[in-house]
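# the amino acid sequence is not available; the structure is as follows:
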């Protein structure tokens, strides 16, 4: 499998349709620019949908990829290693922020176990049946995945994207449920952006103290030594310092772009996967929105590299797709305004004056 093949499969949103949407925007009763970024969002959606006026976003879905990372054993996370299944259970039980928001916004949530480190019996079969392996390797000293597992995980993400597109999902809010995932994500971003560990090391969604931050920084530094020799191959990079959930999210993002299905990115983990996907297919980021600023320095580095500007900056660091889901009403509002605001009535053409038409002179000539 060669992820570079996606470069030939992914096209940009329709530029001609976007120009038509921009021209229609100029004809609306609300002055151009008065709606700020909502205008840009509406035009982007038109191009993605190939429709003017834009169609409503009425079948969105939250998709969360779950996994445990062996590097969490080093105490780099605010949660104990191997406990990502508890995050999954909270979502399924409706007791997590993303579950509460999804109920409020009437958006279904799909959880995909790509690499949880727990007995499958603890969770529903619909969640665990996709699992690639139990947990991912400790990336500071070993590969996260074998080459075969990395490919399997990418293909899993592609399959989930196809299932969503085939079912009529018109926009995906993408997030993760992981322990240790921000360490792997920060390593990927540091490797792809050519920066040091200290520049990308954040405190994670659960929050960590200074000692844990130093351990995390050291783990990323050691993982970077293993990542840099395989930068030329995205699949090898995901196997070395990614994880099953991150590889699956990368495959999901690439196949979603192939299927012309827009995606809203959440935090640093989805941003890292998007950066890997961009390395494989440079047109793919045109299908994504950055939902929010998560507070992780690595996320901003990745978004800057992809020229994606977050829709919201509200200090939400909990992860799980929550921040990106909060951006969904903004996207839906942009679609509604672009489609439903009336166009200005055409002004009647002015009657030409007699002087302009020459009729007055003709009459004088005739009288003479």
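Structure's in. What do you need? Bear in mind the structure is a predicted one, so any value in this text is a computation, not a measurement.

# quick one: the strands in the chain?
With strands called from DSSP state E, the chain shows them at 60-68, 109-115, 171-179, 263-265, 288-290.

# distance between the second one and the chain's centre?
Computed by Cα atoms, centre = their mean, to the nearest Å, the chain-centroid distance of strand 109-115 equals 16 Å.

# what strands line up against that strand, and which way round?
strand 60-68 (parallel) (DSSP bridges).

# got the contact list for the spatially closest residue to residue 275 that is not a sequence neighbour?
Spatial nearest neighbour of residue 275, excluding adjacent residues (Cβ to Cβ, 6 or more residues apart in numbering): residue 302 at 4.5 Å. C-beta coordinates here come from the backbone N, C-alpha and C atoms, glycine included. Counting by Cβ atoms under 8 Å, 6 or more residues apart in numbering, residue 302 makes contact with 189, 192-193, 268, 271-272, 274-275.

# out of these, the closest to residue 54 would be?
Comparing the contacts of residue 302 against residue 54 with Cβ to Cβ places residue 274 closest, at 23.4 Å.

# the closest one contacts residue 287, doesn't it?
No - in this structure residue 274 lies outside contact range of residue 287 using Cβ atoms under 8 Å: 9.9 Å.

# of those two, who's got more company?
The residue with more neighbours, out of residue 274 and residue 287, is residue 274; 28 against 25, by other Cβ atoms under 10 Å.

# got the contact list for that one?
253, 265, 284-285, 288, 302, 306, 308.

# what sits opposite the most centrally placed residue in the chain in the beta ladder?
Centroid check for the chain by Cα atoms, centre = their mean gives residue 265 as the closest residue, at 2.4 Å. Residues in a beta bridge with residue 265, per DSSP bridges, are residue 174, residue 290.

# kindly state the pLDDT recorded for it?
The model reports residue 265 with a pLDDT of 97.

# any idea of the pLDDT on the residue nearest to residue 256 when sequence neighbours are not counted?
The shortest distance from residue 256 to any non-neighbouring residue, by Cβ to Cβ, 6+ apart, is to residue 161 (4.6 Å). pLDDT for residue 161: 98.

# 15 is where my numbering starts, stick with that
Yep, numbering from 15; the last one is residue 175 now.

# my guess is residue 175 meets residue 274, correct?
No - at 10.9 Å, residue 175 and residue 274 do not qualify as touching, with contact defined as Cβ under 8 Å.

# which of the two has more neighbours?
The residue with more neighbours, out of residue 175 and residue 274, is residue 175; 26 against 16, by other Cβ under 10 Å.
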